[in-house]
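> what would the 3D arrangement of this be:
(one chain, ligands or ions: 1)
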Amino acid sequence: MKTVILFGSPRKDGNTIQLVNILSRTLKNKGHSVRMLYLNDMNIRPCQGCYACLKKGICKINDDMKDIRKYIMESDLIVYATPLYWFGPSGQLKLAIDRSIAFMDEDYNSRIKGKKVITLITFGDDNMDTCQPILGMFQKTFELLGLSHIGSVEAPGCVEKGDVKEEHRERTKKLAESIP
Ligand SMILES: Cc1cc2nc3c(=O)[nH]c(=O)nc-3n(C[C@H](O)[C@H](O)[C@H](O)COP(=O)(O)O)c2cc1C
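Residues are numbered from 1 along each chain as shown. The predicted structure is shown next:
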């Protein structure tokens, strides 16, 4: 099984990476191949809304999204990992999501239908309701892209680096272990 991780935090030593590392390590131990994409280090231009991609799935913009698209196409499992920024994903991840319109065809059928998705979200607030907007957005997005959302970990109370609680680390490990 091939996994690609779209890592949306700019911090490689922050909170979201803690969950990502647990997931990645557990999957690798099971023999999965895991590719980590640090979106913050990549050149991803904003979608220009030209819809040229709908015809053949080829975006007019020549940047790192070309490789990201290839890695997603090759993968069985896509992990969207992000800190919560203003009730949504980080800008780094949102750029990649916007450009995912190239996965749709002219009839709005998805070219990546059937792939599995996991979401990992860390956030500062203690209230789980704070995550509702991003979970709603992910759900609608995955529905349109024909992706199967097989699991999610939302870790609240992550204000300072290292605030991720044992409970959420454990939940992430269990989630990774549950993947065949
Ligand atoms: C620009 C920005 C916006 C944020 N917005 C929210 C928010 O809407 N709700 C929340 O609970 N935490 C918010 N936070 C806190 C982060 O989601 C939280 O600290 C997260 O764990 C950081 O992840 P990281 O260490 O992987 O970068 C925000 C942080 C930043 C920098």
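
> what does the helix or strand bottoming out on mean pLDDT in the chain contact?
Least confident element among the helices and strands of the chain, by mean pLDDT, DSSP states H and E: helix 53-56 (a mean of 94). Applying CB atoms under 8 Å, 6 or more residues apart in numbering, the contact partners of helix 53-56 are 59-60, 101-102, 104-106. (Glycine included, C-beta is placed from N, CA and C.)

> export the residues you listed to CSV and tack on secondary structure?
Output for those, formatted as CSV (DSSP: H, G, I helix; E, B strand; the rest coil):
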residue, secondary structure
59, coil
60, coil
101, helix
102, helix
104, strand
105, coil
106, coil
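
> list only buried entries from the residues you listed.
Among those, those classed as buried by neighbour count (16 or more other CB atoms under 10 Å) are 59, 101-102, 104.

> just give the nearest non-adjacent residue to whichever residue of the chain sits closest to the ligand, would you?
Residue nearest to the ligand within the chain (CB to the nearest ligand atom): residue 14, separated by 2.2 Å. Excluding the flanking residues, the one nearest residue 14 by CB to CB, 6 or more residues apart in numbering is residue 161, at 5.3 Å.

> that neighbour: helix or strand, and which one exactly?
Counting by DSSP states H and E, no helix or strand carries residue 161.

> please identify the helix or strand for the most centrally placed residue in the chain.
Against the mean C-alpha coordinate of the chain, by CA atoms, centre = their mean, the closest residue is residue 80 at 1.2 Å. Applying DSSP H and E as the criterion places residue 80 in strand 77-83.

> and the next element down the chain from that strand?
helix 91-98.

> buried residues of that next one, list them for me.
91-97.

> swap in stretch 16-31?
16-20, 22-24, 26-27.

> what are the contacting residues of it?
1, 3, 5, 7-9, 11, 34, 36, 79, 81-83, 118, 120-122, 153, 155, 162, 164, 168-169, 172-173, 175-177, 179.

> check stretch 121-135 too.
Contacts of stretch 121-135 (CB under 8 Å, 6+ apart): 14-16, 18-19, 81-84, 87-89, 119, 152-159, 164.

> which PyMOL command selects the buried ones in those?
Only the buried entries of the contacts of stretch 121-135 go into this PyMOL selection, using 16+ other CB under 10 Å:
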select buried, resi 14+15+16+18+19+81+82+83+84+89+119+152+153+154+155+156+157+158+164
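
> give the phi and psi angles for residue 52, as a check.
phi -60, psi -30 (degrees, to the nearest 10).

> one more: residue 38?
Dihedral angles (degrees, to the nearest 10) for residue 38: phi -80, psi 90.

> which residues pair with it across the strands?
residue 7 (DSSP bridges).

> if we can go back for a sec, setting aside sequence neighbours, what's the nearest residue to the residue nearest to the centre of the chain?
Using CB to CB, 6+ apart, the nearest residue to residue 80 is residue 119, at 4.9 Å.

> many thanks, I have nothing further to ask.
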